[in-house]
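Q: Fold the following and give me the result.
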Amino acid sequence: MTPSLTRRHAIRTIFGGAVAAAALAALACTPTTQVTVASPAQQSGIAVIGTASVSVKPDVARLNLGVEVTDASVATARARAADTMTKVQAALKQKGVQEKDIRTQYLNISPQYTSSPDRTAPPTIRGYVVNNQLQITVRNIDSASEVLDAAVAAGGNAVRVNGISFAVDQPEQFLAQAREEAVRNARARAEVLAKAAGVSLGTARSITESTNGGPIPFPERAAAAPSSLGGPTPVNPGEQSLQLTVSVVYDISAGK
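A: This next block holds a predicted model:
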């Protein structure tokens, strides 16, 4: 091969290599889009939701109450609040509430301030507030009114009733009934859809469950009056609805 042919071959080789490199660089810099195609097994099926609810009478009451004491001295306010809370807890136990069902939920000591009329001077502390809150579980729900009134009488004007709620202590026995009904409901809906689409309904491929239902709160914030001023405090648990939902995916096949 002559020198001129050798040079032309080298030039073509270099040029070809450069084009290839540029093409590779362009491929490396070009954004790519990935497309995933679902398989037929993923695409087939009927997805439905089945619901059911069970009305249950609550068997547990939860009381949220406490004591609130204000005094010019923080030591005195704390001592008075502690003495009142001790009386309240003693009354609860006398009414059959167990130690394990009395839980301190909140304890706070905070100052109270007084501002000058013209607000030129900084606020001054005029007293201290001690707030001690309990959550009480009353397992004999029929005695909830009696327990509440006993606590109020023991604590006097320092008692604060912050709320009462009702719950089912062991809801699983009732949810089992709702669960069966929800699955039947889902199956019935799927059969209607399959018939309308002209396909045959197969077995359930997946089932997902979710529940909805809990204590029914009745919030209240007020100083309770001594029970001696009237009859017992009315406490009505009513009924609670335990709701359950299932999401079911059924296999399908061509109709016969």
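
Q: secondary structure class for residue 191?
A: helix (DSSP: H, G, I helix; E, B strand; the rest coil).

Q: Excluding chain neighbours, give the residue nearest to it in space.
A: Once flanking residues are discounted, residue 191 sits nearest to residue 201: 5.7 Å by CB to CB, 6 or more residues apart in numbering. C-betas here are computed from N, CA, C, even on glycine.

Q: dump the residue contacts of that neighbour.
A: By CB atoms under 8 Å, 6 or more residues apart in numbering, the residues touching residue 201 are 46, 190, 191, 194, 250, 251, 252.

Q: Kindly report the same for residue 187.
A: Contacts of residue 187 (CB under 8 Å, 6+ apart): 50, 248, 250.

Q: Now do it against residue 46, distance only.
A: Distance of residue 187 to residue 46, computed by CB to CB, to the nearest Å: 10 Å.

Q: Please apply the same query to residue 65.
A: 52 Å.

Q: So for those two, which sits in the more crowded spot?
A: Neighbours were counted for residue 65 and for residue 46 using other CB atoms under 10 Å; residue 65 has more, 24 against 21.

Q: is it true that that one touches residue 161?
A: Yes: counting by CB atoms under 8 Å, residue 65 touches residue 161, with 4.9 Å between them.

Q: Tell me which stretches of this structure form helices.
A: For the chain, helices defined by DSSP state H occupy the ranges 3-29, 40-43, 74-94, 144-155, 172-197.

Q: If I average pLDDT within each of these, which one is lowest?
A: Mean pLDDT across these is lowest at helix 3-29; the value there is a mean of 41.

Q: and the nearest residue to residue 253 once chain neighbours are set aside, how many residues sit next to it?
A: Spatial nearest neighbour of residue 253, excluding adjacent residues (CB to CB, 6+ apart): residue 200 at 4.8 Å. With neighbours defined by other CB under 10 Å, the count for residue 200 comes to 13.

Q: Would you mind measuring from residue 200 to residue 136?
A: Distance from residue 200 to residue 136, by CB to CB: 57 Å.

Q: And for residue 99?
A: 11 Å.

Q: picking that back up, just confirm the residue nearest to residue 253 contacts residue 250, I think it does.
A: No: counting by CB under 8 Å, residue 200 stays clear of residue 250, with 10.1 Å between them.

Q: any residues in contact with both of these two?
A: With CB under 8 Å, 6+ apart, residue 200 and residue 250 have common neighbours residue 194.

Q: how about low-confidence regions in the stretch 101-250 of the chain?
A: 212-230 (pLDDT under 70).

Q: Which stretches in it count as strands?
A: Applying DSSP state E, counting those that start in this stretch to the stretch 101-250 of the chain gives strands spanning 102-114, 124-138, 159-167, 199-212, 216-223, 240-254.

Q: Is it possible to get TSV of these that adds distance to residue 56?
A: Formatted as TSV, the strands of the stretch 101-250 of the chain follow (distance: least, CB to CB, whole Å):
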stretch	distance to residue 56
strand 102-114	24
strand 124-138	17
strand 159-167	10
strand 199-212	13
strand 216-223	11
strand 240-254	5
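
Q: which one of those strands lies closest to residue 76?
A: strand 124-138 (8.4 Å; CB to CB).

Q: For the closest one, what is the distance to the chain centroid?
A: How far strand 124-138 lies from its chain's middle: 26 Å, per CA atoms, centre = their mean, to the nearest Å.

Q: Right, I'll call it a day here.
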